[in-house]
Structure formats: C-alpha cells, structure tokens
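Colleague: heads up, no residue letters with this:
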C-alpha cells in the first residue's frame, strides 16, 4: 500500500500542488477585490453555493444529467462498436457511412439541438440524442482505425495456418485494436457530459445544464460555478472509470488471458 501511495504522489503530487496553489491565488485575487465576485466568484463562495443548493443539485439535477450521460454514452458505445466493426468488414458500408459520420460532426450542436427538441420534446431523449451525436463519432473512428491498422505479419501467419477471417479478427485484430478503442471511449465519455449539458441548456426542466442556465439568468455566478464544478467532477470520474477498465483489460491481455 505504501508503494502505491509513493507512486501516486510521484505521478500526481505536482498536479495537486499546482491545483492548491491555483485555488489559493484565485481566492486571494477575488477577496482582494481584483475581480468582481459577480464575474468570477471565489472558491469559498462556490463551495457555499454548493452546500446551499445541495438538496436541489444532488437530489434532482445531478441524477438527471447523469442518466442522460449514461444512456447517451451506452447507446454510443453499442452503436459505435457495431458500426466500426461493420465498416471494417464491409468496404461498401464504409464508403457509405464514413462521409455521413464526418458530416455529422460539422453540424453545430447549437443549430441541431432545437430539431431534437421538436422531435422528442423536453423529455430525456432530446438530451440523449445530443449526447449520442457528440459521443458516437470518437468510438466509431477509434474502432475502425484500430481494427484497420497494424498486425499484418500476424494476420498473414494465421492465414498461412488456415485461419479464417473471423479467427484472425478475434485473435489478432481485436487485441491490437483495443488500445485505440479504449482511447476513443475515454474521449467519448467526456464528450457525453458536454452533449448532455448543451441539450439541457437549450431545452430542459432539470439537469445541471438547466440549473446553470437558470442561475446565470439570475446573475448568481457562484451557483453557476457550483454546477460547472459538478459537471467537471462527473466527467473526471467517468474518465477515470474507463481508464481503470483500460488498465485491467490491457494487463489481462498482456498476461495472455
């Protein structure tokens, strides 16, 4: 345990010190009147706003955003893996879908979100649709590129031994594509938080994005920053969760399990 703690401090100790120093300087500048508190509230006032609104934030808005992120990311994960594998196996499918995937990322979310509201109303599914649109692309591309790249020598070796395409896919291409796929998942899960927040900003009755928009209209900057803090914390936790899965999968893969 002591060894792990030493490793943690060597890896992240400097980062923690920088964060503490940044927060201390931020607090001092605001308290000294260098920046008006209605523009940039101090960390202490943000914390007070978080405690003041804890029942509303943790009881209503945080769960709403979390479920939007979870459902949107889950659909993106399943769909992205299926489309990435399908594009890898079928050249015609790749020629048809890849341009549409690129086009989908050129459309501003601010412009297309009202369309989702027209289709799905102010339900959770309009926010899930926005989340899916932004989180789907990294998973498809990372899956497709990961399966396409590398492993030529191993593929040829298995084929000379009589292995079929499915066996080559399972034994060579999937293990070699796993780091790329997991990198896409880490990006996607963070984008999911962004997508859900944008959807809530444009039309919702609950969620951290909705809460921050309402507090912004009331000029309560400390409450806005409290919601932003929770959104950032959610993104970090989800990212670390995917990273933990990545470490275990790659470790098991290296052991030949």
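Modeller: Thanks, I have the structure now. A quick note: this is a predicted structure, and the numbers were derived from the prediction, not measured.

Colleague: any low-confidence regions in this structure?
Modeller: In the predicted model, the chain carries pLDDT under 70 at residues 1-12, 150-168, 254-257.

Colleague: Strands along that one, start to end?
Modeller: With strands called from DSSP state E, the chain shows none.

Colleague: Show me it divided up by domain.
Modeller: 1-35, 41-254 (automatic domain parsing).

Colleague: so which of the ones you listed is the most packed in?
Modeller: The highest mean neighbour count among the domains of the chain, using mean count of other Cβ atoms under 10 Å, belongs to domain 41-254: a mean of 18. In short, each C-beta sits where N, CA and C put it, glycine included.

Colleague: so how far is that domain off the chain centroid?
Modeller: Put simply, domain 41-254 sits 4 Å off its chain's centre (Cα atoms, centre = their mean, to the nearest Å).

Colleague: Show me which helix runs longest in the chain.
Modeller: Longest helix in the chain, counting residues (DSSP state H): helix 221-254.

Colleague: In space, what's closest to the residue most central in space within the chain - neighbours in sequence excluded?
Modeller: When Cα atoms, centre = their mean is applied to the chain, the residue found nearest the centroid is residue 190 (1.7 Å). Nearest residue to residue 190, sequence neighbours excluded (Cβ to Cβ, 6 or more residues apart in numbering): residue 235, at 4.9 Å.

Colleague: all helices of the stretch 1-150 of the chain, in order?
Modeller: Using DSSP state H, counting those that start in this stretch, the helices of the stretch 1-150 of the chain run over residues 2-31, 43-52, 54-56, 62-89, 91-106, 109-120, 124-148.

Colleague: Of all the ones you listed, which one is nearest residue 231?
Modeller: helix 62-89 (7.2 Å; Cβ to Cβ).

Colleague: by contact count, what packs against that closest one?
Modeller: Packing partners of helix 62-89 (3 or more Cβ pairs under 8 Å, 6 or more residues apart in numbering; DSSP states H and E): helix 91-106, helix 124-148, helix 174-202, helix 208-217, helix 221-254.

Colleague: measure residue 247 to residue 68 for me?
Modeller: 27 Å (Cβ to Cβ, to the nearest Å).

Colleague: quick revisit: so what's the residue nearest to the centre of the chain up against?
Modeller: Applying Cβ atoms under 8 Å, 6 or more residues apart in numbering, we find residue 190 in contact with 235, 238, 239.

Colleague: and what of residue 201?
Modeller: 209, 210, 212, 213.

Colleague: Rebuild those residues as TSV, extending it with distance to residue 84.
Modeller: Shown next, in TSV, are these (distance: Cβ to Cβ, whole Å):
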residue	distance to residue 84
209	29
210	33
212	34
213	35
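
Colleague: among these, which two are most distant?
Modeller: Farthest pair in the contacts of residue 201, by Cβ to Cβ: 210 and 212, 7.5 Å.

Colleague: which one among the contacts of residue 201 gets closest to residue 56?
Modeller: Distance to residue 56 across the contacts of residue 201 (Cβ to Cβ) is lowest for residue 210, with 11.2 Å.

Colleague: so the closest one sits right up against residue 198, yeah?
Modeller: No - with contact defined as Cβ atoms under 8 Å, residue 210 does not reach residue 198; the gap is 11.3 Å.

Colleague: List the residues that contact residue 136.
Modeller: 76, 79, 80, 104, 188.

Colleague: sorry, that was for residue 174
Modeller: residue 147 are the contacts of residue 174 under Cβ under 8 Å, 6+ apart.

Colleague: Over to residue 52?
Modeller: Counting by Cβ under 8 Å, 6+ apart, residue 52 has contacts residue 223.
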